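Undergrad: task: produce atomic coordinates for the following.
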Amino acid sequence: MMVRVLHWNGKDLPEELRDLPPGEYVLAEHTPGLSDLPPDEEQGILDAIAEVDRGDVVSWEEVRDDLAAKFPRR
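TA: Residues are numbered from 1 along each chain as shown. As a prediction, the model looks like this:
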């Protein structure tokens with residue numbers, strides 16, 4: 001999922017949209033400071049997103065194999 005924050009004057013096409021590839025997009029209004037999460041949980045999500053962006057992830061195959069080793073089928 002790609003997130004872009006843009007500032008729009010309500011008239012001109014923002015530069016942030018001009019370089020997007022063709023496709024369907026959903027725009028939602030962003031209200032700064034409006035969150036249902038406590039600040040520490042929101043920070044945890046932002047940290048997790050940063051890890052994914054850096055490529056610091058584990059493949060699903062590795063997770064599957066680890067779980068299979070911990071919980072063998074009977």
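Undergrad: listing request: residues of the chain with sub-threshold pLDDT.
TA: For the chain, residues meeting the criterion pLDDT under 70 lie at 1-2, 33-35.
Undergrad: so where do the helices sit in it?
TA: 15-18, 39-54, 60-70 (DSSP state H).
Undergrad: out of those, the one nearest Ala28 is which?
TA: Among the helices of the chain, the nearest to Ala28 by C-beta to C-beta is helix 15-18 (14.1 Å). For the C-beta atoms, the positions are set from N, CA and C on the backbone; glycine is no exception.
Undergrad: and for stretch 48-66, what's in contact with it?
TA: Applying C-beta atoms under 8 Å, 6 or more residues apart in numbering, stretch 48-66 has no contact partners.
Undergrad: got the helices of the chain as JSON lines, with distance to Val26 columns?
TA: JSON lines is the format used below for the helices of the chain (distance: least, C-beta to C-beta, whole Å):
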{"stretch": "helix 15-18", "distance to Val26": "13"}
{"stretch": "helix 39-54", "distance to Val26": "18"}
{"stretch": "helix 60-70", "distance to Val26": "26"}
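Undergrad: ok, which of those comes nearest Asn9?
TA: helix 15-18 (11.6 Å).
Undergrad: chain center to the closest one, what's the gap?
TA: Relative to its chain's centre, helix 15-18 lies at 19 Å (C-alpha atoms, centre = their mean, to the nearest Å).
Undergrad: can you show me the CA trace of it as PDB?
TA: Only the C-alpha atoms of helix 15-18 are listed here, as PDB (Å, rounded to 0.1, in the frame of the first residue of the first chain):
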ATOM      1  CA  GLU A  15       2.100  17.600  -8.400                       C
ATOM      2  CA  GLU A  16       2.000  14.600  -6.100                       C
ATOM      3  CA  LEU A  17      -0.700  13.100  -8.300                       C
ATOM      4  CA  ARG A  18       0.900  13.800 -11.700                       C
END
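Undergrad: and stretch 67-74, how far apart are its ends?
TA: Start-to-end span of stretch 67-74 (C-alpha to C-alpha, to the nearest Å) is 14 Å.
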